[in-house]
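>>> Sequence plus predicted model, see below.
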Amino acid sequence: MANNASEPEDPKDHDPFPFRLASEMEMDEREGSIPPDHSGFAGSGNTNNDQQLSRNSTFHDFTSSGNTVPHVSGGLRGVQGNAQSPYKPNMATKDIRDDFDLTTGEGLQVANATLQGCPPLSKHKASGLDCLIVVLRRIYSHCLDPDALAYLKFPDENPILRYAWRRFGDGPDEVSEADVEREQVCNELNKTPVHYTAPFKSLCCSELMNRTFWSQDVFRLIDVLNPDTGESVECSSEIAGMSLLDLDHTESPGLSLKDVINNAFGMKPSWGKMVFTPSKPWVVRLSYKSSVQEDKRLKFDDLRRLQLPRWEYDPGNQAFMEIGSIGYVLIAIVRMTDKPKPSTYVRTYAYSGANIVGQSEPVSFMNNSWSVTDPSASYMLFYGLANRKQDPDGPYPYPEVAEAQRVDSEILKAMDEDLFPLIASPPADPSRAFMEHFTFKQRRGPRPGKDWATLHEEENQDSDRQHRRRASQDLGTSSTHEDGSQELGDAPDVGSNKRGKDNNRHGAEASGPKRPQRQKNAIIERAALERQTIKSTRQCEEFASSVEDDNGDEMDDPTQELLCMDDFLDQCSNELEALVLRDKGSRQSQDGSEQRHHLQGELKKAWATEKASLQGSVSYERSLRESKEETLELARSKASTLNKELTEATTKAVNLQQDLMAATAQIKTAEDQVAARVTVPRGVTGDLAKTYLRLTDEFRDIPSVPETIDGLDMATAAIEITPILDQYNAKEYLVAFLNERQQGWHFLSQVLNGCPSVTEHRICSMHGRGCMKVRVGGLMQELEFDNS
């Protein structure tokens with residue numbers, strides 16, 4: 001834009017904000033999650049914290065530029081230095097600036113997540129105020145840097161700015177505490193010209209918000225310069241209103257967003273020579289009203305971003321030249337209404353363009369049944385400086401609404417209670433129960449004969465006895481597990497003494513998945529060993545012939561020992577068969593359990609999908625019901641107004657009908673009276689009498705004349721002449737005129753039409769003394785003489 005002016009100073013040399021916003025800072029991307037002690041954001045039982053911000057979002061390491069942070073009242077609350085934990089709960093204020101150390105990367109991460117993911121929850125609905133709080137918290141997170149916060153001011157006279165810094169929770173106690181402070185905020189607002197239940201635009205663009213927030217330098221869309229001096233013009237009281245872009249497609253369907261931006265800058269006739277130059281605000285506001293026609297409405301992708309021009313002063317041309325543009329991305333949308341009812345909704349977005357999904361989203365002001373493409377709807381859009389280093393190609397084409405369904409916790413809780421039996425926990429694994437039962441039986445274990453454990457001390461000379469002693473020791477070998485249960489060891493090959501390695505191996509693997517198979521193999525080997533032992537019955541008889549041992553004890557009857565061994569062998573066989581059957585049943589049970597687990601998982605997934613779908617339907621139906629109720633209320637109001645108007649119109653019609661009847665009666669009476677008092681003659685005289693009722697009595701005895709003379713209608717002539725004679729002695733003049741020579745009547749049209757004729761001494765140059773015009777002229781002179 002060209003403009004003659006003295007050379008102002010280069011705006012780039014006087015950038016008052018030598019730092020980077022959260023959207024401009026160079027961030028090292030790293031995957032992470034909210035630390036466990038940050039319960040203020042993470043909520044109870046929520047392990048998918050990354051979805052609380054946005055799809056595919058990551059937490060970043062916020063680092064400041066290293067400048068000293070000045071202390072500004074109401075801005076950064078003096079939480080300086082490195083702290084051991086970024087979370088420092090302040091039970092008195094619940095202020096995020098006091099609860100988190102905003103000078104550390106971790107503290108900034110948690111504070112940013114808290115601002116974006118925790119909207120205000122309250123028992124008292126005020127959608128306009130709630131939407132403004134959500135927008136302010138998104139702007140706070142956009143400016144969440146110690147250096148940036150130092151330049152922002154949050155005056156105490158504006159309770160909304162203070163309340164937006166509060167740490168909100170979804171617990172009953174937290175909601176109650178927040179409601180106490182909310183009531184104080186509402187009471188303070190009610191003392192101002194704007195009420196807390198006012199619509200969003202009335203609150204956002206109120207005199208209080210314009211004076212304390214939007215008029216700050218960092219939110220100024222324009223700088224007003226005096227071209228003669230090159231100095232800025234102070235207009236803080238009006239700068240907030242001029243910084244709001246307005247795109248109304250109901251009034252100007254062909255107006256583009258770029259046209260609106262360009263029209264905001266340049267010279268304004270109402271401001272004289274002042275020049276409006278583009279600034280570099282942190283946030284740009286746009287008031288948008290969509291068109292009724294679908295082909296004229298902007299798509300969501302058309303509103304994702306906007307570009308503000310960059311101007312630079314050219315001293316050679318003494319004008320400002322456009323040298324580039326500054327990118328902004330959409331960070332919040334508010335759908336507005338004109339009534340303070342719970343029908344104002346808000347939606348926030350990340351720098352990447354993804355819809356931010358919060359920890360909780362109250363349906364009273366975060367309903368997603370609306371779109372920015374709805375016809376003839378009013379919106380306010382907020383744009384933040386784009387982060388070209390983090391998202392050079394962003395924002396990306398994410399959908400307007402995140403795919404995750406919004407759910408109502410109360411409805412889900414009721415659904416879970418009703419459908420809990422369908423997704424109840426399955427019974428214990430049958431294979432596990434079988435293993436516990438088998439271990440219990442192993443604890444009981446088969447016992448060998450009474451004194452077999454001591455025979456090797458007596459008969460160490462006999463090899464058969466040594467063999468039987470080794471067999472009995474093998475039968476008594478067991479390994480102890482950590483849970484206190486015992487397991488019989490594997491029987492080694494006959495004549496082998498290598499047992500330690502096998503026992504240790506089985507003891508370490510006793511709890512593994514192949515334990516039943518190993519137990520079966522051990523019993524089979526043990527049964528084979530016992531059969532081989534029983535074959536040596538003759539050697540057992542030699543053992544029975546021993547009289548006494550060294551201690552004087554007698555040996556048991558070998559027959560009884562054999563019976564015990566037979567019983568033990570039968571028991572082993574039975575256990576083997578039972579184990580085979582149980583192993584088969586265990587595998588079947590295990591397969592059935594896996595199938596059951598799979599079916600239960602599928603059921604849970606199906607129920608989760610159905611539950612989300614049901615919640616979406618419930619939210620849509622609720623929004624539709626609210627819309628229908630509003631429409632019904634409006635229709636009832638209009639019907640009541642129309643009924644009142646109809647009643648008034650009916651009353652007026654009745655009164656007019658009565659007046660008409662009375663007037664008709666009066667006219668009839670007057671006509672009767674006139675007919676009774678006036679006698680109208682026939683012919684030309686009657687026509688004259690009807691025209692001039694007040695002359696009827698005078699003209700009653702005028703003699704009749706021919707209807708036509710030389711083609712001239714005498715009635716018409718009399719009517720035309722009467723106004724001329726309507727003076728004193730009108731009757732005598734009319735009679736005298738009508739009794740004149742009839743040959744001159746054909747000149748009457750000349751008299752009436754005013755045709756030019758030269759007369760002199762009452763003699764017409766064309767017709768002589770008999771000219772009608774001459775005679776009428778003479779008659780008029782006589783009348784004037786008589787009147788004088």
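It's in.
>>> make it CA atoms for all contacts and neighbour counts henceforth
Will do.
>>> Where is the longest helix in this structure?
Criterion DSSP state H: the longest helix present in the chain is helix 558-677.
>>> And the average pLDDT for that one is what?
In this model, helix 558-677 has a mean pLDDT of 80.
>>> cool, stretch 230-240 as well?
Rounded mean pLDDT across stretch 230-240 is 76.
>>> what do you get for stretch 281-293?
Across stretch 281-293, pLDDT averages out at 92.
>>> List the buried residues of it.
Applying a neighbour-count criterion of 16 or more other Cα atoms under 10 Å, one finds 281, 282, 283, 284, 285, 286, 287, 288, 289, 290, 291, 292 buried in stretch 281-293.
>>> Show me the helices in the stretch 51-200 of the chain, by range?
Applying DSSP state H, counting those that start in this stretch to the stretch 51-200 of the chain gives helices spanning 96-99, 105-117, 127-142, 146-151, 159-163, 172-190, 200-204.
>>> helices and strands around the longest one, which ones?
Contacts defined by 3 or more Cα pairs under 8 Å, 6 or more residues apart in numbering; DSSP states H and E place helix 172-190 against helix 159-163.
>>> So which elements touch the helix it packs on?
helix 127-142, helix 172-190.
>>> My reading is that residue 379 lies in a strand. Confirm?
Yes: counting by DSSP: H, G, I helix; E, B strand; the rest coil, residue 379 falls inside a strand.
>>> Need the three-state assignment for the residue nearest to it when sequence neighbours are not counted.
Here the nearest residue to residue 379 in space, its sequence neighbours aside, is residue 335; by Cα to Cα, 6 or more residues apart in numbering that works out to 4.5 Å. The three-state label given to residue 335 by three-state DSSP is strand.
>>> related to what we said a few turns ago, which of the helices of the stretch 51-200 of the chain has the lowest average pLDDT?
Minimum mean pLDDT among those: helix 146-151, a mean of 80.
>>> ok, back up a step: the residue nearest to residue 379 against residue 344, yeah?
Yes: Residue 335 is within contact range of residue 344, at 5.6 Å (criterion: Cα atoms under 8 Å).
>>> Quick check: neighbours shared by those two?
Common neighbours of residue 335 and residue 344 (criterion: Cα atoms under 8 Å, 6 or more residues apart in numbering): none identified.
>>> where's residue 346, which helix or strand?
strand 345-348 (DSSP states H and E).
>>> so which of the helices of the stretch 51-200 of the chain gets nearest residue 628?
Distance to residue 628, taken as Cα to Cα, is lowest for helix 127-142 among the helices of the stretch 51-200 of the chain, at 18.4 Å.
>>> The closest one packs against which elements?
Packed against helix 127-142 by the contact rule (3+ Cα pairs under 8 Å, 6+ apart) you find helix 105-117, helix 159-163, helix 200-204, strand 319-336, strand 345-348.
>>> Need those in CSV (columns: distance to residue 656 and mean neighbour count).
CSV is the format used below for the helices and strands packed on helix 127-142 (distance: least, Cα to Cα, whole Å; neighbours: other Cα atoms under 10 Å):
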stretch, distance to residue 656, mean neighbour count
helix 105-117, 67, 25
helix 159-163, 59, 21
helix 200-204, 47, 22
strand 319-336, 47, 20
strand 345-348, 52, 26
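>>> And for residue 192, the neighbour number?
The number of residues packed near residue 192 is 13, by other Cα atoms under 10 Å.
>>> swap in residue 663?
Neighbour count for residue 663, taken as other Cα under 10 Å: 12.
>>> quick one: it from residue 147, how far?
Distance, residue 663 to residue 147, by Cα to Cα, to the nearest Å: 87 Å.
>>> hang on, the earlier thing: nearest to residue 658 among the buried residues of stretch 281-293?
Once Cα to Cα is applied, the member of the buried residues of stretch 281-293 that ends up nearest residue 658 is residue 292, at 47.9 Å.
>>> could you list every residue that touches that closest one?
For residue 292, the contacting residues are 250, 375, 376, by Cα under 8 Å, 6+ apart.
>>> and the closest residue to residue 170 other than its chain neighbours, what pLDDT?
Spatial nearest neighbour of residue 170, excluding adjacent residues (Cα to Cα, 6+ apart): residue 121 at 6.8 Å. At residue 121, the pLDDT value in this model is 89.
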